[in-house]
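K.L.:
sharing a model that was predicted from the sequence below.
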Amino acid sequence: MNILDKIVLRKKEEIAAAKALVSIQDLEKSVHFDRTPYSFKEFLLAEDRTGIIAEFKRRSPSKGLINGVADVADVTQAYNAAGASALSVLTDVDFFGGKTDDILAARAANNIPILRKDFMIDEYQILEAKAWGADIILLIASILTPQQINDFGKFAKDLGLNVLLEVHNLEELERSICPNLDAIGVNNRNLSDFTVDIQTSFDLVNKIPNEFLKISESAISNPQTIAALKAAGFNGFLIGENFMKTDNPGVAIKEFVAQI
């Protein structure tokens, strides 16, 4: 059993517990449920924004503790001020140290799109994302069937949410493309063994249909890489650890953006 299998197994337990605590009706009554989500495309392509999806992440299975002291509101506001097009907030508890309050705090402090970064395997989690003020959900091809991707995508879009599909290779991409997506992200990190290779993005960019926004995720630590990815056809760049591993992620993104 690889780490992804363990995460999904634990996720099933988490969802069952959450459903027992908070009903769908309760989620639908929450303060953010009726808000209109921001357009991912609009912010990603805005001329006064960078295309960076800046991530708040405390820890990961591959790196352990990345940053245990950063304040989510402070960091995400600094990301926003530096020109991030969107924010990515981890809500997985056991493996990434995230929590519901993180996304609520990021929402309260920011007026740009927020991605709920989690391992989505149930419609209930999509309702949670809407209730917590997220604008974008992530569907990971390696843990979902094509039917689930299509169904979850439609369910999310019917709620007004934006949908980001994450793939790691051509086979995942080709089997998972469907109309109910807004963006397709290439994860340069292999989620089975957590090795990273930026070449994955360059290999797949032209295989992604142009009707979708194209995102490169992980392994981006050099501002020059952004220029190369843009030239190849990418619209967005998900960066987390590179900022979070520093003493001041807000300063780190500002310095990074100044070099793009």
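P.N.:
Received it, and whenever you're ready, just let me know what you need.
K.L.:
please save the CA atoms from the helix or strand hosting Ile103 in PDB.
P.N.:
Element membership for Ile103, per DSSP states H and E: helix 100-109. Presented in PDB, the C-alpha positions along helix 100-109 are these (Å, rounded to 0.1, in the frame of the first residue of the first chain):
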ATOM      1  CA  THR A 100     -11.200  23.500   8.300                       C
ATOM      2  CA  ASP A 101     -10.400  26.700  10.200                       C
ATOM      3  CA  ASP A 102      -7.500  27.300   7.800                       C
ATOM      4  CA  ILE A 103      -9.800  27.700   4.800                       C
ATOM      5  CA  LEU A 104     -12.300  29.800   6.800                       C
ATOM      6  CA  ALA A 105      -9.500  32.100   7.900                       C
ATOM      7  CA  ALA A 106      -8.100  32.400   4.400                       C
ATOM      8  CA  ARG A 107     -11.600  33.200   3.000                       C
ATOM      9  CA  ALA A 108     -12.200  35.900   5.700                       C
ATOM     10  CA  ALA A 109      -9.000  37.600   4.800                       C
END
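K.L.:
quick check: Leu139 touching Gly153?
P.N.:
Yes. With contact defined as C-beta atoms under 8 Å, Leu139 counts as touching Gly153 (6.5 Å). (C-beta placed from N, C-alpha, C; glycine too.)
K.L.:
now do the shared contacts for the two.
P.N.:
Common neighbours of Leu139 and Gly153, counting by C-beta atoms under 8 Å, 6 or more residues apart in numbering, are Val163, Leu165, Leu181.
K.L.:
ok, those residues vs Glu217, which is closest?
P.N.:
Leu165 (11.1 Å; C-beta to C-beta).
K.L.:
which residues sit in contact with the nearest residue to Thr200 once chain neighbours are set aside?
P.N.:
In this structure, Thr200 finds its nearest non-sequential neighbour in Asn188, 4.8 Å apart by C-beta to C-beta, 6 or more residues apart in numbering. Neighbouring residues of Asn188 by C-beta under 8 Å, 6+ apart: Val196, Asp197, Ile198, Gln199, Thr200, Ser201, Ser216, Glu217, Ser218, Ala219, Ile220.
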